[in-house]
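Trainee: Predicted coordinates and the sequence they were generated for:
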Number of protein chains: 2
Amino acid sequence: MTQTLASRPAPEPVDPLRVWFRFVRLQHRLSAAVGAELRTIGLSIPQFDLLSTLTEREGSTQQELAERLYVTKGNVSGLVDRLVEAGLVERRPIPGDRRSHALHLTERGRSLAERGIAAQRAYVARTLGRLPAGDVAELERIVLAWREEARSAAAEA
Amino acid sequence: MTQTLASRPAPEPVDPLRVWFRFVRLQHRLSAAVGAELRTIGLSIPQFDLLSTLTEREGSTQQELAERLYVTKGNVSGLVDRLVEAGLVERRPIPGDRRSHALHLTERGRSLAERGIAAQRAYVARTLGRLPAGDVAELERIVLAWREEARSAAAEA
DNA sequence: GCGAGATGGTTCTCATGTAAACTATCTCGA
DNA sequence: TCGAGATAGTTTACATGAGAACCATCTCGC
């Protein structure tokens, strides 16, 4: 700090930790809001995440879904159990590999997933989507930069 | 879209939904990293959140903590049970109100909380803190703007 | 073609989260 | 002062998450 003139209005100092807290709380709030939307169609967030991933990757195995969703395969196991129970997903045998199953959406599963995707898209559109396009692009850029720093930090350790 | 000249390189269109996904995944990744740091001192994220809140609000009731942490009071009940069990927190009676307790950190609880705060601050400093200060300020600005849109959306509904 | 290690799933235990029912206590107006 | 409603906490039921132990099956080098 070589600033010696105290006469101009002090710019608010930026504390990364404070920004981190805001970031986390916002994510918490937004997830709760999206979760509330999804609940109206009978889905939880993890269930919806799994179904919507399946719409783009029909026939995935549980292991693939676990990697995609960043959760353990044990977790996916129970999640799929409940979705099968609810009639939204099917486990189909894979010829030539008796260890794994191909997961497929049922008619109802696909329909619910699509309604969920629409609800999610609508929520994002009427919150983030109302910011100036430049801000959204800027947010993406900063998020990607932050991610890179996180990767570097993880690599160092 | 009144743009008629197709000759210049198309700017990457910004899809708010894609930015939302990046945002959520980044938060997931960062929380996992902070959680790993905290685990080395024997705390989970929720435990740490509760302890660090207590360092600033010694004597809070469980209800107050629940509001502050955005979780249910039932959840805080079990969390405090485990922290008391671990010798990090005490429930003290409040004269004049036999329904509630004032929560206080024990010596060990305060010490652990402070180590956790330092670890968290260090992690944020070596990821977000390495971005240009302008980016951090910009991120905060956009996060606050997004939060306002989320509030408006919630109010409309 | 066999056996060691890799891979896919399930299951266990435990922590955390919600929602809702329940108990104890407090507050306040008639 | 009494009793209805508010408030603080606990408890129960259940979903979700991690991590680790465990089985079945598959792959690959020899």
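Mentor: Thanks, I have the structure now. Numbering: from 1, shown residues only, chains lettered A, B, ... in the order given.
Trainee: Okay, the spatially most central residue of chain A and DNA strand C: tell me how far apart.
Mentor: The centre of chain A sits closest to A:Asp49, judged by Cα atoms, centre = their mean, with a distance of 7.3 Å. Taking Cβ to the nearest atom of the strand, to the nearest Å as the measure, A:Asp49 falls 16 Å from DNA strand C. Heads up, the C-betas are built off the backbone N, CA and C, glycines and all.
Trainee: Next, the contact list for the nearest residue to A:Asn75 once chain neighbours are set aside, please.
Mentor: Nearest non-adjacent residue to A:Asn75, counting by Cβ to Cβ, 6 or more residues apart in numbering or on different chains: A:Ala66, 7.1 Å away. The contact partners of A:Ala66, by Cβ atoms under 8 Å, 6 or more residues apart in numbering or on different chains, come to A:72-73, A:75-76.
Trainee: Which members of the residues you listed are classed as buried?
Mentor: The neighbour-count test (16 or more other Cβ atoms under 10 Å in any protein chain shown) marks A:Val76 as buried among the contacts of A:Ala66.
Trainee: Among the contacts of A:Ala66, which lie within helices?
Mentor: Judged by DSSP state H, the subset of those located in helices is A:73, A:75-76.
Trainee: Write out the residues of chain A neighbouring DNA strand D.
Mentor: Taking Cβ under 7 Å from any atom of the strand as the criterion, the neighbours of DNA strand D within chain A are A:44-47, A:70-75, A:78-79, A:82, A:96-99.
Trainee: Now intersect those with the strands, please.
Mentor: Among these, the ones falling in strands (DSSP state E) are A:97-99.
Trainee: tally of neighbours for A:Val80?
Mentor: A:Val80 has 21 neighbouring residues, counting by other Cβ atoms under 10 Å in any protein chain shown.
Trainee: Next: A:Glu149.
Mentor: Per other Cβ under 10 Å, the neighbour tally for A:Glu149 reads 15.
Trainee: these two touch, right, A:Val124 and B:Phe21?
Mentor: No - under the criterion of Cβ atoms under 8 Å, A:Val124 makes no contact with B:Phe21, lying 9.3 Å away.
Trainee: Among those two, which residue is more densely surrounded?
Mentor: Taking neighbours as other Cβ under 10 Å, A:Val124 and B:Phe21 compare with A:Val124 leading, 20 against 13.
Trainee: list the contacts for the more buried one?
Mentor: B:16-17, B:20.
Trainee: Give me the buried subset of the residues you listed.
Mentor: Taking 16+ other Cβ under 10 Å as the criterion, what is buried in these is B:16, B:20.
Trainee: Within reach of chain A, which of the contacts of A:Val124 are there?
Mentor: Near chain A, judged by Cβ under 8 Å from any Cβ of the partner chain, the entries from these are B:16-17, B:20.
Trainee: For the residues you listed, give me a markdown table that also has secondary structure, pLDDT and distance to DNA strand C.
Mentor: Below are the ones next to chain A among the contacts of A:Val124 laid out as a markdown table (DSSP: H, G, I helix; E, B strand; the rest coil; pLDDT from 0 to 100; distance: Cβ to the nearest atom of the strand, whole Å):
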| residue | secondary structure | pLDDT | distance to DNA strand C |
| --- | --- | --- | --- |
| B:Pro16 | helix | 94 | 25 |
| B:Leu17 | helix | 95 | 24 |
| B:Trp20 | helix | 96 | 21 |
